[in-house]
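S.K.: mind looking at a prediction? Sequence and model below.
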Amino acid sequence: QVQLVESGGGLVQAGGSLRLSCQASGRTFTSYTMGWFRQSPGKDREFVARTRWTGGNTYYAEHADSVKGRFTISRATEKTVTLQMNRLKPEDTAVYYCAAYAGSTADYRSANYDYWGQGTQVTVSS
């Protein structure tokens, strides 16, 4: 049974940092793409960042509240992918989800991902 379990969310002041972790189990993810998405109330789930499970080859969202330069996605251990979030803004407030995708095409689309975690809440106060 595949499981993705996120942790590390919480309440932080603007300008602060959080480190989210995604613990993966239940199968071999060597050929997978691992992504982080987020969803705020009343908004669609949006892509944040992704990495290949083998490491490197990272890609970050380029939307208006760009996370590039503030967030870093990486594979920390054989079973864990992390999202380091620095210089957080109130607009980053959302539930953050870890996801796994067996392919690589259009890896910014949530519909392509095969497995999802339950999400972890991140709240940034102004």
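M.R.: Cool, got the structure.

S.K.: how about the strands of the chain, start to end?
M.R.: Taking DSSP state E as the test, the strands found in the chain are 3-7, 10-13, 18-25, 33-39, 46-52, 59-60, 71-77, 80-85, 94-101, 115-116, 120-125.

S.K.: quick one, which of those strands is nearest to Tyr108?
M.R.: Ranking those by proximity to Tyr108 (CB to CB) places strand 46-52 first, at 4.2 Å. Every C-beta, even on glycine, is put in place using the N, C-alpha and C of the backbone.

S.K.: check contacts around the closest residue to Val48 other than its chain neighbours.
M.R.: Closest residue to Val48 apart from its sequence neighbours, by CB to CB, 6 or more residues apart in numbering: Trp36 at 4.3 Å. By CB atoms under 8 Å, 6 or more residues apart in numbering, the contact list for Trp36 reads Leu20, Cys22, Val48, Ala49, Arg50, Ile73, Val81, Leu83, Tyr96, Tyr97, Cys98, Ala99.

S.K.: what is the burial count for the closest residue to the last one other than its chain neighbours?
M.R.: Spelled out, it's Ala99. Of all residues not flanking Ala99 in the chain, Tyr113 sits nearest, at 3.9 Å (CB to CB, 6+ apart). Neighbourhood size, Tyr113 [other CB atoms under 10 Å]: 24.

S.K.: returning to that earlier point: is the residue nearest to Val48 in a bridge, and if so with what?
M.R.: Here Trp36 sits in beta bridges with Ala49, Cys98, as judged by DSSP bridges.

S.K.: ok, it to Gly56 distance?
M.R.: With the distance defined as CB to CB, to the nearest Å, Trp36 ends up 16 Å from Gly56.

S.K.: no further questions, thank you.
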